[in-house]
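Trainee: One predicted model, sequence on top.
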Amino acid sequence: MKPGIALSIAAALLLATAASARADAAAGAAAFKAGQCTACHYTEGPAREVTIEDQLAKTGPELWYAGSKFQRPWLEAWLQDPKPIRPLKYNSLTEDNPGDHPVLAAADAASITDFLMSLVSDAVETGVIKPKKHPKGRLIFTKKMPCSGCHRFPTKKPFKGGRSGPSLVGAGERLNPDWIYAYLKSTKVFKPVRMMPVFVGLLSDKDMKFVAAYVASFK
């Protein structure tokens, strides 16, 4: 096959794949709306919250950067069998999470996952973080900050940590490692109103990478 013909075929295949992905995302967006997911989640960025009242008015997390945050296999499986990620109810420091997220059929879960994975943020650079149980990342996570005051994390017990933030047990399967680093580095991009501290100025860029790699190793 001549090089020119091969390149033309490859380009056509790429265009067809891109068109298919757009169609799948569009179908997922329709399913997302039909399922009334918009009652709890918004999917158009940037972040809308300006005041604490804005945050407290929300009944579920924003999803406008879901494709940068989550790993697809986990997201599709979770929508079919949702288990609470937060020990406490969203926006509460006292009430247990009721675990009442709707269960989706496999076809709907796949379609909506197509849509959510198309929602990405340019604040997340790909290929930066590889999961690693870095000793300095562990020290910062458990002692220096300590992130463990708000987040559960896996240990031999089988886990320990606080309850006011989302659990990080299983974070290595749930979260994109590069998003973890981007979130530590650019917290206000994703959560303008939050309890999380701003780590820039508290941690060096290298230390944030150590923490991101450590969290990304959680099973």
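Mentor: In hand now; what should we look at?
Trainee: so where's this structure shaky on pLDDT?
Mentor: The chain contains residues with pLDDT under 70 at 1-23.
Trainee: need the strands for it, in chain order.
Mentor: Assigned by DSSP state E, the chain shows strands spanning 152-154, 159-161.
Trainee: those helices in this protein, which residues are they?
Mentor: Taking DSSP state H, the helices of the chain run over residues 3-34, 52-56, 66-69, 72-80, 106-117, 135-139, 171-174, 177-185, 187-190, 205-215.
Trainee: Quick one: closest of the ones you listed to residue 91.
Mentor: Proximity to residue 91 (Cβ to Cβ) singles out helix 52-56 among the helices of the chain, at 5.5 Å. C-beta: built from backbone N, CA, C; applies to glycine.
Trainee: what's next to that closest one, contact-wise?
Mentor: Outside helix 52-56, the residues that touch it by Cβ atoms under 8 Å, 6 or more residues apart in numbering are 48, 49, 91, 193, 194.
Trainee: try stretch 86-101
Mentor: 55-56, 58-61, 82-84, 152, 163-167.
Trainee: distance of the spatially most central residue of the chain from residue 175?
Mentor: Nearest to the mean C-alpha position of the chain, counting by Cα atoms, centre = their mean, stands residue 69 at 2.9 Å. Residue 69 sits 6 Å away from residue 175, going by Cβ to Cβ, to the nearest Å.
Trainee: before we move on, what about residue 120?
Mentor: 14 Å.
Trainee: More neighbours: those two, which one.
Mentor: Neighbours per residue (other Cβ atoms under 10 Å) separate residue 120 from residue 175, with residue 175 holding more: 22 against 17.
Trainee: Now do the same contact list for the nearest residue to residue 131 once chain neighbours are set aside.
Mentor: Once flanking residues are discounted, residue 131 sits nearest to residue 216: 3.9 Å by Cβ to Cβ, 6 or more residues apart in numbering. The contact partners of residue 216, by Cβ under 8 Å, 6+ apart, come to 129, 130, 131, 132, 171, 172, 175, 177, 180.
Trainee: Tell me how many other residues surround the fourth one.
Mentor: Neighbour count for residue 132, taken as other Cβ under 10 Å: 15.
Trainee: Mind splitting this protein into its structural domains?
Mentor: Domain ranges of the chain: 3-117, 135-215, per automatic domain parsing.
Trainee: For the closest residue to residue 185 other than its chain neighbours, which residues are in contact?
Mentor: Using Cβ to Cβ, 6+ apart and skipping the chain neighbours, the partner closest in space to residue 185 is residue 208 (5.7 Å). Taking Cβ under 8 Å, 6+ apart, we find residue 208 in contact with 181, 184, 185, 199.
Trainee: I'd like to know how far the third one sits from residue 137.
Mentor: Pointing back at residue 185 there. From residue 185 over to residue 137 the distance is 14 Å, taken as Cβ to Cβ.
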